[in-house]
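# Predicted model and sequence follow; I will ask about them next.
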There are 4 protein chains.
Amino acid sequence: MMFASDNTGPVHPAIMAAVASANDGYAMPYGNDATTAAARQAVRAVFEAPDAAVEFVATGSVANALALACLAKPWDGVFCHRTAHVEEDECGAPDFYSGAKTVLIDGADGRFTPEALEAAILQCKARGVHGAQPGPVTITNVTERGTVYSLDQIRAISAVAKAHGLAVHLDGARFANACVALGCSAAEMTWKAGVNAVSFGGTKNGCMGVEAVVFFDPAHGRELELRRKRGGHLFSKHRYLSSQMLAYCADDLWLDMARAANARMAQLVQGLARVHGAHLVHPAAGNLAFIEVPRAAHARAFAAGAQYYLFGGTVDDGATDAPLRCRIVCDWAKTPEDVERLLEAWAG
Amino acid sequence: MMFASDNTGPVHPAIMAAVASANDGYAMPYGNDATTAAARQAVRAVFEAPDAAVEFVATGSVANALALACLAKPWDGVFCHRTAHVEEDECGAPDFYSGAKTVLIDGADGRFTPEALEAAILQCKARGVHGAQPGPVTITNVTERGTVYSLDQIRAISAVAKAHGLAVHLDGARFANACVALGCSAAEMTWKAGVNAVSFGGTKNGCMGVEAVVFFDPAHGRELELRRKRGGHLFSKHRYLSSQMLAYCADDLWLDMARAANARMAQLVQGLARVHGAHLVHPAAGNLAFIEVPRAAHARAFAAGAQYYLFGGTVDDGATDAPLRCRIVCDWAKTPEDVERLLEAWAG
Amino acid sequence: MMFASDNTGPVHPAIMAAVASANDGYAMPYGNDATTAAARQAVRAVFEAPDAAVEFVATGSVANALALACLAKPWDGVFCHRTAHVEEDECGAPDFYSGAKTVLIDGADGRFTPEALEAAILQCKARGVHGAQPGPVTITNVTERGTVYSLDQIRAISAVAKAHGLAVHLDGARFANACVALGCSAAEMTWKAGVNAVSFGGTKNGCMGVEAVVFFDPAHGRELELRRKRGGHLFSKHRYLSSQMLAYCADDLWLDMARAANARMAQLVQGLARVHGAHLVHPAAGNLAFIEVPRAAHARAFAAGAQYYLFGGTVDDGATDAPLRCRIVCDWAKTPEDVERLLEAWAG
Amino acid sequence: MMFASDNTGPVHPAIMAAVASANDGYAMPYGNDATTAAARQAVRAVFEAPDAAVEFVATGSVANALALACLAKPWDGVFCHRTAHVEEDECGAPDFYSGAKTVLIDGADGRFTPEALEAAILQCKARGVHGAQPGPVTITNVTERGTVYSLDQIRAISAVAKAHGLAVHLDGARFANACVALGCSAAEMTWKAGVNAVSFGGTKNGCMGVEAVVFFDPAHGRELELRRKRGGHLFSKHRYLSSQMLAYCADDLWLDMARAANARMAQLVQGLARVHGAHLVHPAAGNLAFIEVPRAAHARAFAAGAQYYLFGGTVDDGATDAPLRCRIVCDWAKTPEDVERLLEAWAG
């Protein structure tokens, strides 16, 4: 009953098998091997972007940091939602790699509107040389609140950015879950909607540790390579990284795992009707949800062995009898029975 | 017949098995799992340093960069050999992480002397506020030229550093090979000889991709954690990193693999007597050697399928008939037959 | 009728004379001259802090940046008001020098409360290694909205910071105006109230271009020197910088100029009663005020030659007939007649 | 008898007068004033470069740092002479501003050859992604050893740089002295010889503290402005900086002062024939010379009140009776009598 994060789950057997089969004799290092070349092609195929620059790294934080560093100048502001992972959960990695500073935009349910972006850009411009200059825009899909931006919303945000000559980056730590939620292709959610660069996540969705940084304009490729090396992120035994991504892209495994995770979350959300006093805090579209549940229900779940994060208090702090907010994340390996057990514990 | 680098070889089966067995159900992320705790303890045991701060990363470049960034101030000079990996082969990662700049020291066979270090420190100090300030000293063992610093040499260098209040870091990308060459313990080569921090390499020596950054003074631990996170190097599914290191330290596997690699190099060096015109450029003590061989011998080896790096020319550049220098590296999986085939090809 | 900023006015004749008299023969460079030593002592006397580390720079932005860089680690958050100069008007200089990122705190009239600071610190701490770590707190007095923090408010903010082990910096671009407004000494507003470091401004208050960075704990002095040099801010002909500060501190010139500027602002505020539809946006305590005035009044003032910044629109944009906000700043050289002419133009 | 540096001397009266006359009433800040516009035009006229981007700063270190930061990527190597000011005397300011690292080139008399540059570039390129990438080339004229690069030498260095697509920067801390020594125009020594950017020094040559950063391609102008602001180097009361440069360029004052300084050095060099055991270490072409003089001669000079830097020992260290090297610098205000007194003291 581990629902703390999608990074707590096991690696999919097909990914493990791919890593094991990469361990066959000798191969050139630093990405100059056949597996890496094939994995790059596989990502390009997923995105229907045969010319894209594609490089692999092991963590989502550095995928975002490298992508933004290639798009931002050191004196830029990077426009992001106040709750963005790049702002709250990467200990300043994007600032460190880019030199730029985040400019925070408010918005309900983890999403900001095109109008809010426009206002933030204009405020930046009004300061001339004295303030941060308008830089790239970054959005997350699935958002940090478990909602998704629709294709129309992404297109509208991109349109604002483009009108000001700014690039758009998509933090796709849960890219597959968003694709499944929207029923769209990877291309539709990115370059067809005006997105310039993507952090295409594998780690949270059944891989061991691999993310692809994708630039649809290959001119960014060399800078990406150099920034990765300079950050200490170029793997020498690169095939063990690439083989994960190759298997992830093969036979729609990336989508299958996301479908499974999203389905478990849908099951959970539907079952909330059985839990007295429970309700969703934000509309849950992927594999992640924020839910308010009575303290007693949390206490029962923990007693039954459930693991997840609580916000605003603890079950026994006695501060109040108000419901406590929790974050629940499903991964590909979660079973219907796991979800049912959590619901039963909550329902009491 | 791949002799280009020890990072071209396969991962040891015991390491692969450890990674596979880590893939069992759910575990807390970001190093808060039992495997990581056990791996930290295993490294502390190897170094006989029960209080050491130990963190894991996936590349040697970032192990060096983080270790030096914790020891250097942004305005410091980092004293290193002119041919150090931190200078030549990390695209400035140590500079990026620390802000400091390298101060290069000359010395034969990839080693500098205590006297040369003393002179470099004094030159730094003479510049007052105008120059880089004296910062940490970093040495590599096995060196980039395939030689080793003896324990006496390490102690003498540490003594100079300590006399000026400077810390000493050891780049141990080939730490195990140096231990085997010197017949000493990990503790003897490090804290007992005055070394403050080590990059304890696993990747080049049979792992998939794992290095331990070790500080004998645990007060550096928190900064190390924060710098790692900020660099995007904190793995969420951390157990797949830690399990490698745990297996690496178990049952002296790290030493066994280094013994195998060093033995193959010794076999090769001994066999050079059979190759007309061949000679070692530097005394080869570990698993790495620079060797001069006639062009015709290189041509024969390449025709037979050998792979290794040449310096100063190509076999068919016709520039001269002088011998060409090559770098040969053996890894744990190299067989006596592999070495024999190379020698035979060279000998003609 | 220039009211755009206190940096538009002339340099006080006593400052000009001091610079001219510094131009006498030869002197050792880089601050190793008698004038610099005397100016350091003069600042220490102003602050009743005989041991303070004191260094001079030419701009307020770098004074803040250096002070904060000496107090913050690269992974820290720097707590500041949302409208702080370090956030809005220095193009990221504090981030550049420190590596840290700003954490913005809301609050009325350009001031934040101790409670808001406490909440921001706790939010930072809750993120563990994933977020920015709690770093120094910086406040501005006179604030960017023309208000002042009282001594009690400063003490309460310092108490919160101290309880969490955090340092406090005061951006004193208009330090003298705040001292005059509060009727307190420099020591009372700083170390006696728990402030650790000050940017003691001279430029806006009648100097040519000089600010003192003051650390009450002299242990910061060497780092300050090195960061200044590394930032390219160590003047070789240092006496021309120091002589300004020496004259500024002599005979309370710094207070006299601030008294003059504050008195002009008081005259202006009092005169607002004569301007139909005019009102202060924030309580004006120093030499700076935000005032709302009808568009027609602005139009009359501009026609009469007044210069100041408008916010939210222009006099002829026809968007609405709502009053427009302006920022008015008085400097030491402003005359009662200047203020009267502006009031008359507004009053119509 | 102060010969320690050209930054120890007084400011020329015409410069002082210009600063004083800038102190007339109110002016817009941050370079938006008429004096700054005129000073930019004056520098463009000096360089016969009507489109050049020109910005002013107060120190030579930051002029170099900003110029190089606009030309170098963070992963670049900056090619410079081993004794370059950017390497030895700026506490890493160019590294701090650019992120790049210096690549040191040896060469006699403070100059490197085109062949040495070519070799350094090729060595950089050979390392691929693992080493620093080839970045801008920077030379100093007058060099740090008091010699000058001829126009032919500058052209040959530029040709090598251009062949590899690299930019060339000229550190002109003593630009005027080099122009006088070569009898050439500012344009001939820079853009006509392939130089892309110049730090045009005023501080060492009779100003209070002003340098112009000049880019012949105005496309660099905006980045230069932003980097200057972000470094805390944009003066608010900018007219006091610009007025110095305006007076410096007027009526060839910059050349007149350099002629005076160079003439005094020529007088000194000629007079060395009278000093037993004295000789020039490098050919002195400008206002700076390294000279070896017997210890007893130094002792006499110091007793007579001379001030200058010694290298390699002190007059009374008794280590040896070998002559000691000193550095002698003349500035515009040095008189023939000053030089004669030094010569007499040395001659005994």
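Thanks, I have the structure now.

# residues contacting residue A:187?
A:47-49 (Cβ atoms under 8 Å, 6 or more residues apart in numbering or on different chains). All C-beta atoms are positioned from the backbone trio N, CA, C, and that covers glycine.

# Residues of the stretch 151-300 of chain A that sit close to chain B?
Residues of the stretch 151-300 of chain A lying near chain B by Cβ under 8 Å from any Cβ of the partner chain: A:203-204, A:208-209, A:226, A:229-237, A:240-241.

# Within reach of chain D, which of those are there?
Applying Cβ under 8 Å from any Cβ to those, those adjacent to chain D are A:226, A:229-230, A:234.

# Which one of those residues is nearest to chain C?
Nearest to chain C out of these is residue A:230 (Cβ to the nearest Cβ; 16.1 Å).

# if I pick the closest one, what's in contact with it?
Listed by Cβ under 8 Å, 6+ apart, the contact set of residue A:230 reads B:90-93, B:96, D:74-75.

# near chain C, which residues of chain A show up?
Residues of chain A lying near chain C by Cβ under 8 Å from any Cβ: A:74-75, A:88-92, A:95-96, A:99-102, A:104, A:127, A:129-133.

# State which helix of chain A is the longest.
Assignment by DSSP state H gives helix A:253-271 as the longest helix of chain A.

# which helices and strands sit right next to the very next helix or strand once past that one?
Counting by DSSP states H and E, the element after helix A:253-271 in chain order, helix or strand, is strand A:279-280. Applying 3 or more Cβ pairs under 8 Å, 6 or more residues apart in numbering or on different chains; DSSP states H and E, we find strand A:279-280 packed against strand A:288-293.

# Ranking helices and strands of chain A by mean pLDDT, which lands last?
strand A:309-311 (a mean of 94; mean pLDDT, DSSP states H and E).

# Quick one: list the elements packing against it.
strand A:324-329.

# show me where the stretch 151-300 of chain A has helices.
Secondary structure of the stretch 151-300 of chain A by DSSP state H, counting those that start in this stretch: the helices cover A:151-163, A:175-182, A:186-189, A:221-230, A:239-249, A:253-271, A:295-303.

# any chance of these in a markdown table, plus mean pLDDT?
Formatted as a markdown table, the helices of the stretch 151-300 of chain A follow (pLDDT from 0 to 100):
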| stretch | mean pLDDT |
| --- | --- |
| helix A:151-163 | 98 |
| helix A:175-182 | 98 |
| helix A:186-189 | 98 |
| helix A:221-230 | 98 |
| helix A:239-249 | 98 |
| helix A:253-271 | 98 |
| helix A:295-303 | 96 |
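
# So for residue A:68, which of those helices sits nearest?
helix A:221-230 (10.3 Å; Cβ to Cβ).

# In stretch A:120-140, which residues are buried?
Residues A:120-121, A:124, A:129, A:131-140 are the ones in stretch A:120-140 that count as buried (16 or more other Cβ atoms under 10 Å in any protein chain shown).

# taking these one by one, which sit in strands?
A:133-140 (DSSP state E).

# Relative to residue D:158, which of the residues you listed is nearest.
For these, with residue D:158 as the reference and Cβ to Cβ as the criterion, the closest is residue A:133, at 31.9 Å.

# quick one on the thing from earlier: would you mind listing which of the contacts of residue A:230 are buried?
Of those, these count as buried by 16+ other Cβ under 10 Å: B:90-93, B:96, D:74-75.

# For residue A:7, which non-adjacent residue is spatially closest?
Of all residues not flanking residue A:7 in the chain, residue B:236 sits nearest, at 3.8 Å (Cβ to Cβ, 6 or more residues apart in numbering or on different chains).

# count of residues packed around that neighbour?
Neighbourhood size, residue B:236 [other Cβ atoms under 10 Å in any protein chain shown]: 19.

# what's the spacing between stretch A:103-116 and its chain's center?
On the basis of Cα atoms, centre = their mean, to the nearest Å, stretch A:103-116 sits 17 Å off its chain's mean C-alpha point.

# I should have written stretch A:161-169 there, sorry.
What separates the centre of stretch A:161-169 from the centre of its chain is 21 Å, taken as Cα atoms, centre = their mean.

# Could you do stretch A:154-161 as well?
Centre to centre, stretch against its chain (Cα atoms, centre = their mean), the figure for stretch A:154-161 is 19 Å.
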